[in-house]
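Enquirer: generate a structure from the sequence data that follows.
(2 chains)
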Protein chains: 2
Amino acid sequence: MPVEAALARLLEVAEAAPIREREHLPLAEVEGRVLAKDLIATLDLPPWPNSAMDGYALNLADWSGEPMFVSQKIFAGQAPEPLQPGTCARIFTGAPVPAGADCVEMQENVQVLADERVVFTEPMIVGQNIRPQGQETTVGELVLPAGTRLGPIEQGLAASLGCAALDVVRKVRVAVLSTGDELVEPGTALGPGQIYNSNRVLLCSWLQRLGCEVIDAGILPDDLPTTRAKLGELQDVDLILSTGGVSVGEADFLGIALREEGELTLWKLAIKPGKPLTVGHFRGVPVIGLPGNPASTLVTFALLTRPYLLRRQGVQDVEPLKFEVPAGFAWPQAGNRREYLRGRLEQGKATIYRNQSSGVLRSAAWADGLVEVLEGRTLTAGDEVTFIPLTELLG
Amino acid sequence: MPVEAALARLLEVAEAAPIREREHLPLAEVEGRVLAKDLIATLDLPPWPNSAMDGYALNLADWSGEPMFVSQKIFAGQAPEPLQPGTCARIFTGAPVPAGADCVEMQENVQVLADERVVFTEPMIVGQNIRPQGQETTVGELVLPAGTRLGPIEQGLAASLGCAALDVVRKVRVAVLSTGDELVEPGTALGPGQIYNSNRVLLCSWLQRLGCEVIDAGILPDDLPTTRAKLGELQDVDLILSTGGVSVGEADFLGIALREEGELTLWKLAIKPGKPLTVGHFRGVPVIGLPGNPASTLVTFALLTRPYLLRRQGVQDVEPLKFEVPAGFAWPQAGNRREYLRGRLEQGKATIYRNQSSGVLRSAAWADGLVEVLEGRTLTAGDEVTFIPLTELLG
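Expert: Residues are numbered from 1 along each chain as shown, chains lettered A, B, ... in the order given. Okay, here's the model as predicted:
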């Protein structure tokens, strides 16, 4: 199954099970959450015409070339008096332009006389250095649509409109389950044949960055009754996310449990690293099973599970930015799966880690992006290749 | 002052005041923090030769073309017996290769006879489908240098090496101070001449994403004794980060307080939006003052303050990834400051928001990147321009 087809299918699955519950949260707490309701401006921005400069406000029709008296001084935060005809007002950046003024001259272009009258020395035009009321936003405009992911910028924008709280989609509850008798948690000694579980912390940490509520369901041993019991305990989550287990052939107890009390389809993805992806449910609770090799877990989570989780919260724009950059390496052998190489941008060129084994995360820690090499493609150095920054995927 | 010169100066200032205190934290809690000590492998990865496939392990020298008996079955997590000469072992992905075997054949390439003996039908070579011990990491190797920012991938990598806790730099304590009598917090009604404070939530939220401890110091009114008193309360922070105040000319009480009891230099940056940046200290506590227009705050924080804060924690690699993309717009008028336009990548081209006013964050919320137009530069559509993804700056 090509990567696009798998993504399209997963997004459909996500849309069939949207998270509908909402929370009303103080603005300071919405970071990483998804807006549940269109944000409509209830305020013009700016709320009144204001000065873009430190300078002097005047009515251009009053100006004859003669020096003008300064009739008031307006700081930001002050409410000005209407401008006295024939005078100008000292005004500072962000301060409201007084009624009657239609022009602000910057202070660098005036001369202040000994008697404090002001001489304007440059030609001026109506409206200069004035930010008109509603220039950026007018009352009733859609400012942020429902489904927007909220970060510092959106929080700042909502604040500028006076919103102290927002309606957001409740967090997606994701249970993380590592399967495999070979897994041991860091901090204990390794027995023969055992390895440390790296996917648990990888996924728990990543899911938190994505604004999910994480239920750490630990390691699932290779045994059917325990698998059934553990899955049964996770009935109130929105997704059971497992790693490993699926490709271990005869020891696939997760697969057995899903077939017995739910559904399981195994997608053979044309992706490397990655390949087998399990999609199904256990007693109605959605299950996604990622391959257990850390680099495979990373790539399939980044490209498939992340968009799925965002779409469940109603986010439309779930795909990372991708850039075409020259390859700083050759790729002589075309593959029959789409490869996601762990790479770096070096002097504008994509370079790749020497060892692209899917076994550990060293290549990914070295990398600052994934380099996408399409199926059937060969590359010579200098050819354009697609680069996806890791920061686009990790948050 | 050109942007590079300002950044270089700020990084020097940061290096002169490194955060030296460390914390020893459980692995699950180090997300967003900076590694304080080189992480050296105390384990080979993989710890023993293991199978890259579900298949059969054999000693190639034993193979004569005749069917072979299966003498053991090795799942991941099991410790195998040495291979009985003349036999093969059933083996699953990730399981240790038994002593005596030097080759794994994938299950798709064998035929299993009725008596359960296995016929290998394809040519094989020594070492195939075996991941050798230490292929990715050997004991004593430097895996992550001190100064590395820790995210899900680094946490996963540390876990795979058995680390249950890491030494990290303590959080940078940053006090956020908004100056200006015109500012009101969202949730209260606007009086005449007032606007809502958007920089406070923008910066507090952003700093948290950067792993800082945030001290929300509120709004500073335009009055000298209050300014002095407030600054005096912030003696135990690593940075006082203020917005606004500096360009309001006669009402610059922050500037007065810094000159009285510390130091202040005003940098006229060749940057738009942005321009005035205050760098100094108050009784030895570093102060950075950003311009108060939200888009200016955003750009100067992203390009100057963020790298400063990372460098104080010992991070070397503080610059965002930048990409050269074709401009989807024309820029006929060369500026004398470097412009950071709020833009989007659309079909591979950089497009810009129609209104690039620095007054509000609407352009930034629309954007997914900053488009950098160098001083003195004009553009016609199709020219290459530099694009910085916002995700590179926001975390």
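
Enquirer: for chain A, what's the longest helix?
Expert: helix A:3-15 (DSSP state H).

Enquirer: now the next helix or strand after that one: buried residues?
Expert: As assigned by DSSP states H and E, the chain's next helix or strand after helix A:3-15 is strand A:22-26. Within strand A:22-26, the residues that qualify as buried are residue A:25, counting by 16 or more other Cβ atoms under 10 Å in any protein chain shown. To be clear about C-beta, it is placed using only N, CA and C from the backbone, and glycine gets the same treatment.

Enquirer: any part of strand A:22-26 near chain B?
Expert: No. Strand A:22-26 stays clear of chain B (Cβ under 8 Å from any Cβ of the partner chain), getting no nearer than 8.9 Å.

Enquirer: quick one: average pLDDT of that strand?
Expert: Taken as a whole, strand A:22-26 has a mean pLDDT of 98.

Enquirer: and the helix or strand just after that strand, what does it pack against?
Expert: Downstream of strand A:22-26, the first helix or strand assigned by DSSP H and E is strand A:39-40. Where contact means 3 or more Cβ pairs under 8 Å, 6 or more residues apart in numbering or on different chains; DSSP states H and E, strand A:39-40 is packed against strand A:142-144.

Enquirer: give me the distance between the next helix or strand after the strand it packs on and the centre of its chain.
Expert: As assigned by DSSP H and E, the chain's next helix or strand after strand A:142-144 is helix A:152-160. Here the centre of helix A:152-160 is set off from its chain's centre by 15 Å, with Cα atoms, centre = their mean, to the nearest Å.

Enquirer: can you pull the domain assignment for chain A?
Expert: According to automatic domain parsing, chain A comprises the domains A:3-20+A:171-312, A:22-43+A:138-169, A:50-131, A:323-394.

Enquirer: and the ones you listed: which comes nearest residue B:145?
Expert: domain A:323-394 (10.7 Å; Cβ to Cβ).

Enquirer: next one: the closest one to chain centre, how far?
Expert: Counting by Cα atoms, centre = their mean, domain A:323-394 comes out at 22 Å from the chain centroid.

Enquirer: can you tell me if that domain touches chain B.
Expert: Yes. Shown here: domain A:323-394 in contact with chain B (Cβ under 8 Å from any Cβ) through A:323-325, A:345, A:348, A:355, A:357, A:359-362, A:364-365, A:368-369, A:387, A:389-392, A:394.

Enquirer: against which helices or strands is the longest helix of chain A packed?
Expert: Here helix A:3-15 touches strand A:276-282, helix A:306-312, going by 3+ Cβ pairs under 8 Å, 6+ apart.

Enquirer: sorry, back to before: now the residues of domain A:323-394 next to chain B: which count as buried?
Expert: For those, buried by 16+ other Cβ under 10 Å: A:323, A:325, A:345, A:357, A:359-362, A:364-365, A:368-369, A:387, A:389-392, A:394.

Enquirer: just to revisit the earlier point, sort out for me which of the residues of domain A:323-394 next to chain B are in strands.
Expert: A:323-325, A:345, A:369, A:387, A:389 (DSSP state E).

Enquirer: so which of these is the closest to residue A:79?
Expert: Using Cβ to Cβ, these come closest to residue A:79 at residue A:389, 46.9 Å.

Enquirer: do I have it right that the closest one meets residue A:320?
Expert: Yes. In terms of Cβ atoms under 8 Å, residue A:389 counts as a neighbour of residue A:320; the distance is 7.4 Å.

Enquirer: next one: the closest residue to residue A:153 other than its chain neighbours from residue A:386, what distance?
Expert: Nearest non-adjacent residue to residue A:153, counting by Cβ to Cβ, 6 or more residues apart in numbering or on different chains: residue B:364, 4.7 Å away. Counting by Cβ to Cβ, to the nearest Å, the separation of residue B:364 from residue A:386 is 26 Å.

Enquirer: in contact with residue A:30, which residues?
Expert: A:150, A:155, A:166, A:168 (Cβ atoms under 8 Å, 6 or more residues apart in numbering or on different chains).

Enquirer: this completes my enquiry, with thanks.
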